[in-house]
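S.K.: Just the structure for this:
(3 chains)
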Amino acid sequence: MIEPVQSTVWQKLEPILSAAAVPLLAVLTAMLVGAIIIFIAGGNPLDAYWGLLEGAFGSARAISETTVWATPYIFAGLAVSVAFKGGLFNIGAEGQLALGAVASAWVGYALPDLLGLNLPAWIHLPLAVGAGMLAGAIWGAIPGWLKAKTGAHEVINTIMLNYIALNLTSFLLNGPMQDPNPLNVIARTPLIAEGARMPPIFPGYRLHWGFVLALLVALLIWWVLNKTTLGFEIRTVGANPNAARYAGVNVARTIVISMTLSGILAGLAGAIEVTGLNYRHELGFSIGYGFDAIAIALLGKTNPLGVVIAALLFGAMRNGATRMQFLTQIPTDIISVIQALILLFVAADAIIRWLYRIKVGEEKLVLTRGWGG
Amino acid sequence: MDLRRFGFILLIIVILIGVVVLVGGKTVPAGTIIASMLATTISVATPLTLGAISGIFCERAGVVNIGIEGMMLAAAFFGWFAAILCNSIWKMPAMPSLLIGVVIAILTGGLMGLLHAVLSVTYKVDQIIGGTVINILAVGITGFLNRQLFFEKGSIFGGQVPHAPGVLPRLPIPILADLPVVGVIFRQQPIAILAVVAVAVTHFVLFFTRWGLRTRAVGEHPRAADTVGINVIRVRYANVIIGGMVAGLAGAYFTLESVPSFEPLMTNGRGFISLAAMIFGNWSPVGAWMAALVFGAAQALQINLQFFRQQIPPAWAFLQQAYVVGLIPYILTMIILTGIIGRTTPPAADGVAYEK
Amino acid sequence: MRKFVILSLVLAFVLMPLAACKTSKEPDCKKADVFCVGLVTDVGKIDDKSFNQSTWEGVQQAQKELGAIVKYIETTDAKDYDKNIAQFADANYDVIVTVGFALGEATIAAGKKYPNVKFIGVDQFQAEVVPNVVGLIFPEDQSGFLAGALAAMMSKSGKIGAVLGTDAVPPVWRFGEGYRAGAQYINPNIEVNVVYHNDVGFDKTFTDPEWGKTTAISMIDKGVDVVFGAGGKTGNGALLGCAEKGVMAIGVDTDQYYTVPEAQSVLLTSAMKLLTPGTFALIKMAKEGKFPAGGNYVGEAGLAPYHNFEDKVPADAKAKIEELTAAFKSGTMQTGVSPAKPQ
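M.R.: Next up is the predicted model:
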């Protein structure tokens, strides 16, 4: 009598577990290798991982900080995933994010002065976020259009656009958009108006509604990709552009839409950071959101739910790293090594399969089709 | 490479140098300016040329390699580390230490090339993902090891970074080096010289040897090549490893020829600019070299405009902004990619994993 | 499949409790006899051979001479400033040193939030007085002025240069403009070429020795015969470029005769700002209960010894430098350099 019940539960769980098997094992194996490296370098891996865990989840504040880190990762990971689904490689998340942040910061602090009005929150905030989305959309559309029209590969174009965006941001934040407060010398914008700020969910903690928005957007993207015609077109072009063409899909248009959508999501990442966390945009350091986003997208198998989990994992690691350093003085670079190993194991999953004797049965993610048209 | 593209590149270089001469010509003799810009151009172009050659080897055989950045970085670190080990711990004199460093850098590059080949050719991992993995791995490992090896735990700064054995010396060519203005071209350091040699050698090998023919066949029509008896897998492996080694030499430039120290992330995107140079040059060694020279000239322009800031007429004041001039290589690359200046023709099977 | 699930569950359950067996003990800083000092860096590493490192060495001196327990946290992203300071503050650290002007706001906010903790803000000018926050600042413009004056006196070609990090950082601006002012004070006709590394982000501007070297060599090719290299490793690159070309160089922050030995043969002097002794002095004051009640503490600045150039610097040049140094100290002389780059 027990058997049938067990097997139905199992039937429900199994697909999820199979799909999650390789990524999960990749993470565990990477952490194991990381522990070995820490040990060889003279540290205590147990202390280190304990510090990591404590820093990421050990208190209400820690969890709040983890979600703060995870929020832009979710958006950026979704951005890269959407592009992947469409058969495109968006390495430009970094630049799209930066411009999204700049645009939304500008609307945040400059618009009230420009219009001479005090804008209420329900207008100002969406405008600010929308500006970020628009900036990201443009920066994503450019390489998309170039690919559709001229066949120029989006990898190089997005990389070039990253550098252009960085230079542009540098210029704006050191010049016309710089905080005019005489006490300020850092390259950053003035604070955005009250009306453009997203409130924190619990006072005293930095966890803000942007995180909730990120989860909702993830759901939305899942729905778009799997339940709408557009999503179908994107995925078909991604899987086989020729077949899509025969099926009547306008491949060029779809490519542009995919990259634009990807850019919108990356721009959102920047906009949410500005409106929900920092309330301004500061010339930051390139912590490599772009490449982290690729790793997150792959770890999450370009599935929005997977991306959310992967983003939380990466956010936890980045957040917990400071506590780890505080407790053990082990440098935070080890986190980068672990993340690189995770990516390695996910990408070359044959290694994981061999290690843990898992049967083949997965879709291979292949997107590269050379550089030209 | 076609005339239109060649002319375009030459034109740009002339414009870049010309602008500086125009601006600074009143305070400094034109000859000095040209010589100075040539020197800067060549040194900036060296790693880009080598990186592009690395890319050419890989891609002519049909394997996309965006991991050149990571290969350069890892090679820069391990080559430098080896040189310091030899010089400070094993007390070898400077030159042998540096040479060993170069060898280790090349080997490191080759090893990473091997990794890329294993991932892309054998495991058929998507080649761009494989390249990304190499980049991220290189950043993480070099950052971590740089910290652990030179700033030991316990007394975090107990380990001072040992005195590096300097950089590779300049090797002036006897009579040519004394020529006015252009003499500076003939007073280069070994890796800069090797870069030019590599261009010539690669061109010869690719287009005039059987080995090069096989490589190009594999890159254009692997299945046809296979039918004719060429071992596609072996050719790809060989080319990717060689590509890795050339990238390793590029890495050696940073820490053994330019400045004797390692900084995390010191390659600073030059691996990607190399790819741009390769595409710019239409996958030909000479073309890539010219493209690298353009990028070098653009950087020279930037530095010199800052130097001559006072002399820039007010109408052109925006040029002062380093940001504006710094954008030139990137925008140029994007323009080239659109094909306006002649079609870019990558190897036909570039990026496609070969299924037997 | 089933095997995998069991395996991973076992792994997870085994690792969890193991992780709980942490072996290190945290110091109890609340106790009166336990003196804890924490350092929070700006985005950038503790091993950057200048700024962050010099300050850390001051903290380490406290560990050695005052028996303090010391730790550091490196910031990897500007949004972590508050969190990183809080790590120390919540653990009841006695003194927290924050390095770099970018941490200014976060430090003041933390100072107000944790009134029992003493904060030392390196390079953070305190415009208002917060009783437990002291800004450790330096007259970099004076140091730069002396360097420029010396360069003007030593230059034979009438052209001198400076290669610096980004001028968005006030101390760097002060060094650069002080250099220019000092040179022009000695010789109004001198050609001073000051180049700031503004074209890259903050993460790169102080860690780009190649650019420093290329820029210095480019200047030297055009006749510059004294180069001031200021800006972490970027500046070090400039010094190396000078060494390669055999042209006089001036270092920065500390006596670079020791930190860049490759340039010893050409190193005229260094425009110093003594971070290590300054940091240590303030920490010592905190321990002894003599911590200033807010405001700014001006550290020492000046030129390093001439080392190999001891005989090559003419006596009247040395005398001039001493005269100017004394004038600055007594306050009779001003450099005229604005504290930060005008908007």
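
S.K.: CA atoms for contacts and neighbours, from now on please.
M.R.: Noted.

S.K.: Can you list phi and psi of the spatially closest residue to C:Asn132 that is not a sequence neighbour for me?
M.R.: Closest residue to C:Asn132 apart from its sequence neighbours, by C-alpha to C-alpha, 6 or more residues apart in numbering or on different chains: C:Lys118 at 5.0 Å. Reported as degrees, to the nearest 10, the phi and psi values for C:Lys118 are phi -90, psi 130.

S.K.: ditto for C:Gly336
M.R.: Dihedral angles (degrees, to the nearest 10) for C:Gly336: phi 80, psi 10.

S.K.: Let me know the pLDDT of it.
M.R.: On the pLDDT scale, C:Gly336 is placed at 83.

S.K.: If you tally nearby residues, what's the number for it?
M.R.: 13 (other C-alpha atoms under 10 Å in any protein chain shown).

S.K.: From chain B, how far off is it?
M.R.: Separation of C:Gly336 from chain B (C-alpha to the nearest C-alpha, to the nearest Å) stands at 21 Å.

S.K.: pLDDT value on residue 18, please?
M.R.: Let's take chain A. A:Ser18 carries a pLDDT score of 71 in this model.

S.K.: let's do chain C instead
M.R.: So C:Leu18 comes in at 54 (pLDDT).

S.K.: So what does C:Asn189 look like in phi/psi?
M.R.: Main-chain dihedrals, C:Asn189, degrees, to the nearest 10: phi -100, psi 0.

S.K.: Show me where chain A has its helices.
M.R.: A:2-40, A:45-57, A:60-85, A:93-115, A:121-150, A:154-174, A:209-227, A:229-239, A:241-246, A:251-272, A:289-299, A:304-328, A:333-347, A:349-356 (DSSP state H).

S.K.: Of the ones you listed, which stretch is the most buried?
M.R.: Highest mean neighbour count among those (mean count of other C-alpha atoms under 10 Å in any protein chain shown): helix A:251-272, with a mean of 29.

S.K.: okay, it in PDB with CA atoms only?
M.R.: In PDB, the C-alpha atoms belonging to helix A:251-272 read as follows (Å, rounded to 0.1, in the frame of the first residue of the first chain):
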ATOM      1  CA  VAL A 251      14.600  35.400 -37.400                       C
ATOM      2  CA  ALA A 252      16.200  38.900 -37.700                       C
ATOM      3  CA  ARG A 253      13.400  40.500 -35.800                       C
ATOM      4  CA  THR A 254      13.500  37.900 -33.100                       C
ATOM      5  CA  ILE A 255      17.300  38.300 -32.600                       C
ATOM      6  CA  VAL A 256      16.800  42.000 -32.000                       C
ATOM      7  CA  ILE A 257      14.000  41.300 -29.600                       C
ATOM      8  CA  SER A 258      16.000  38.800 -27.700                       C
ATOM      9  CA  MET A 259      18.900  41.100 -27.300                       C
ATOM     10  CA  THR A 260      16.700  44.000 -26.400                       C
ATOM     11  CA  LEU A 261      14.900  42.000 -23.800                       C
ATOM     12  CA  SER A 262      18.200  40.800 -22.400                       C
ATOM     13  CA  GLY A 263      19.400  44.400 -22.300                       C
ATOM     14  CA  ILE A 264      16.200  45.500 -20.500                       C
ATOM     15  CA  LEU A 265      16.800  43.000 -17.800                       C
ATOM     16  CA  ALA A 266      20.400  44.000 -17.300                       C
ATOM     17  CA  GLY A 267      19.400  47.600 -17.300                       C
ATOM     18  CA  LEU A 268      16.800  46.700 -14.600                       C
ATOM     19  CA  ALA A 269      19.700  45.300 -12.500                       C
ATOM     20  CA  GLY A 270      21.400  48.700 -12.600                       C
ATOM     21  CA  ALA A 271      18.100  50.600 -12.100                       C
ATOM     22  CA  ILE A 272      17.100  48.600  -9.000                       C
END
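
S.K.: Give me the distance from that helix to the chain's centre.
M.R.: 13 Å (C-alpha atoms, centre = their mean, to the nearest Å).

S.K.: is chain C contacted by it?
M.R.: No - residues of helix A:251-272 contacting chain C under C-alpha under 8 Å from any C-alpha of the partner chain: none, with a closest distance of 13.3 Å.
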